[in-house]
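> with the sequence up front, the predicted model follows.
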2 protein chains.
Amino acid sequence: MTQPAPRERILQTAAALFSKHGYRAVGIDTIIRESGIAKMTLYKHFPSKDALIAAYLEQTNAGFWRWIDGITSAHDDPKTQLEAIFDGVAKLSSSPACLGCSFTHAAAEFPDFDHPGHAIALLHKQQVLERLTQLSRAAHAADPLGLAQDLMLAMDGAWSAARVFGGGNHGSRAGATARALIAAQTKATNSPAA
Amino acid sequence: MTQPAPRERILQTAAALFSKHGYRAVGIDTIIRESGIAKMTLYKHFPSKDALIAAYLEQTNAGFWRWIDGITSAHDDPKTQLEAIFDGVAKLSSSPACLGCSFTHAAAEFPDFDHPGHAIALLHKQQVLERLTQLSRAAHAADPLGLAQDLMLAMDGAWSAARVFGGGNHGSRAGATARALIAAQTKATNSPAA
DNA sequence: AAAAATATAGACAGGTCTGTCTAGTAGCGA
DNA sequence: TCGCTACTAGACAGACCTGTCTATATTTTT
């Protein structure tokens, strides 16, 4: 087999088009054409456009966590892990290749919470918030949930900047922003030899 | 005259529908029906849907600055003004009535920078960043541009949270987040009796 | 090699979209 | 009362949308 299986080619094409142009702006016919897959084949693998959108978001969610795990696994200290994550956010969000957050965009285009796109987006953000809370707790933050929420604002602000400003935006500040927020909760309260 | 002029009624209806459902999801026919205005009247006032979107965003931008000016005019000290702005962001973004940022959504739905919706959104965000920079400078921040960028991330993170999570989200943290960021740049460096 | 599953190409239905056209109505100043 | 302007109501064109159908070809499995 010289080419990937149809399902993978569809998802790959859908990912490129959805992340770049949005969900409503991209029609099934465009995905068909760009992927070179027959329409019936697409509808066999994904019963509807919403199902394709959901599959794309699930795939993107999995990729996000692989990215996060790749970053955190390179460090031991939770505080350093948090800083490394936001250095990664800074680098990625300010790069020209970044098109913003697919989950945020899904929530924007599908405001109905029952829509699978919004539901997956909400779940994703809840999971990110939870992970940041765990890391904040492990880093002995004075208020772990509060710090996680602070950091979450910075992260989503960076993704927003990527979409609105394009490459070279102030998302590059996310690392510094996170350091200031982390320091505010760990410097004073952390007496190593207490 | 018992009713507002047609142009105002169109803009009012468009504002409600665009902010709630998005731009592509709302058709001209829906705006016609909801506003009770004839289609030809709409196209007389706004030559195209894009022009209507642009007019809506301009109106929203003006309202945003009225809101900001209302907050800042109640305080004299720039640092206090910044804190008050983010208390306002916290309150608004976490309220159930908040549907997120119309400019962010415009950039999400119209990725092309030449699209009037994206262009106005970009300009708006640049203006906000500039205003935050001015206030940071006036507040004697160690790095005014850096602080403004930090705060910008927090603000856009709050709007994002509003859309994804709905009411009662972690955007309510924006005031505390901003205070931590402002303090990190003004506490140590500010010696009143130097 | 036969059979079964899978993919292709494209027509098609029914709906929605933006923007235009026509014809008629209401209000208002001269 | 006349004439001008603004608004209304709805048909309409042409394009695009999702999802289905048919008929054929290709691949895989038995």
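On my side now, so go ahead. Computed from a predicted structure; not experimentally measured.

> quick one: name the residues of chain A near DNA strand C.
A:5, A:6, A:7, A:36, A:37, A:38, A:39, A:40, A:41, A:44, A:45 (Cβ under 7 Å from any atom of the strand). Quick note: C-beta positions are derived from backbone N, CA and C, even for glycine.

> narrow the residues you listed to those that are buried.
Burial by neighbour count, 16 or more other Cβ atoms under 10 Å in any protein chain shown: within those this picks out A:6, A:37, A:45.

> quick one on the thing from earlier: and the residues of chain A next to DNA strand C, which two are furthest apart?
A:5 and A:39 (16.9 Å; Cβ to Cβ).

> what residue ranges in chain A score low on pLDDT?
For chain A, applying pLDDT under 70 flags the ranges A:1-3, A:188-194.

> can you give me the helices for it?
Here chain A has its helices, by DSSP state H, at A:6-21, A:28-35, A:39-45, A:49-72, A:78-93, A:102-109, A:116-138, A:144-165, A:174-186.

> state the distance from residue A:176 to residue B:146.
In this view, residue A:176 and residue B:146 are 7 Å apart by Cβ to Cβ, to the nearest Å.

> and for residue A:5?
According to Cβ to Cβ, residue A:5 and residue B:146 sit 48 Å apart.

> repeat that for residue A:135.
24 Å.

> same deal with residue A:165?
Per Cβ to Cβ, residue A:165 is found 16 Å from residue B:146.

> domain map for chain A?
A:1-47, A:50-186 (automatic domain parsing).

> which one, of those, ends up nearest to residue B:111?
Closest approach to residue B:111 among these is made by domain A:1-47 (6.1 Å; Cβ to Cβ).

> for chain A, what lies in contact range of DNA strand D?
So chain A meets DNA strand D at A:1, A:26-30, A:39-40, A:43, A:47-50 (Cβ under 7 Å from any atom of the strand).

> looking at neighbours, which among the residues you listed is most surrounded?
Highest neighbour count within the residues of chain A next to DNA strand D, by other Cβ atoms under 10 Å in any protein chain shown: residue A:26, with 21 neighbours.

> I'd assumed residue A:18 was in contact with that residue.
Yes - in this structure, residue A:26 is within contact of residue A:18 by Cβ atoms under 8 Å, at 5.8 Å.

> picking that back up, show me which of the buried ones among the residues of chain A next to DNA strand C is closest to residue A:105.
Checking those against residue A:105 by Cβ to Cβ gives residue A:45 as the nearest, at 22.9 Å.

> and residue A:49, how far from chain B?
To chain B, residue A:49 is 14 Å away according to Cβ to the nearest Cβ, to the nearest Å.

> that residue - nearest residue in space that isn't next to it in sequence?
Among residues not flanking residue A:49 along the chain, residue A:28 sits closest, at 5.9 Å (Cβ to Cβ, 6 or more residues apart in numbering or on different chains).

> residues contacting the one you found?
A:39, A:42, A:49 (Cβ atoms under 8 Å, 6 or more residues apart in numbering or on different chains).

> what's the closest of those residues to DNA strand C?
Proximity of the contacts of residue A:28 to DNA strand C (Cβ to the nearest atom of the strand) peaks at residue A:39, which lies at 4.6 Å.

> I'd assumed residue A:30 was in contact with that closest one.
No - between residue A:39 and residue A:30 there is no contact under Cβ under 8 Å: 11.5 Å.

> for residue A:19, which non-adjacent residue is spatially closest?
Excluding its sequence neighbours, the residue lying closest to residue A:19 (Cβ to Cβ, 6+ apart) is residue A:99, at 5.0 Å.
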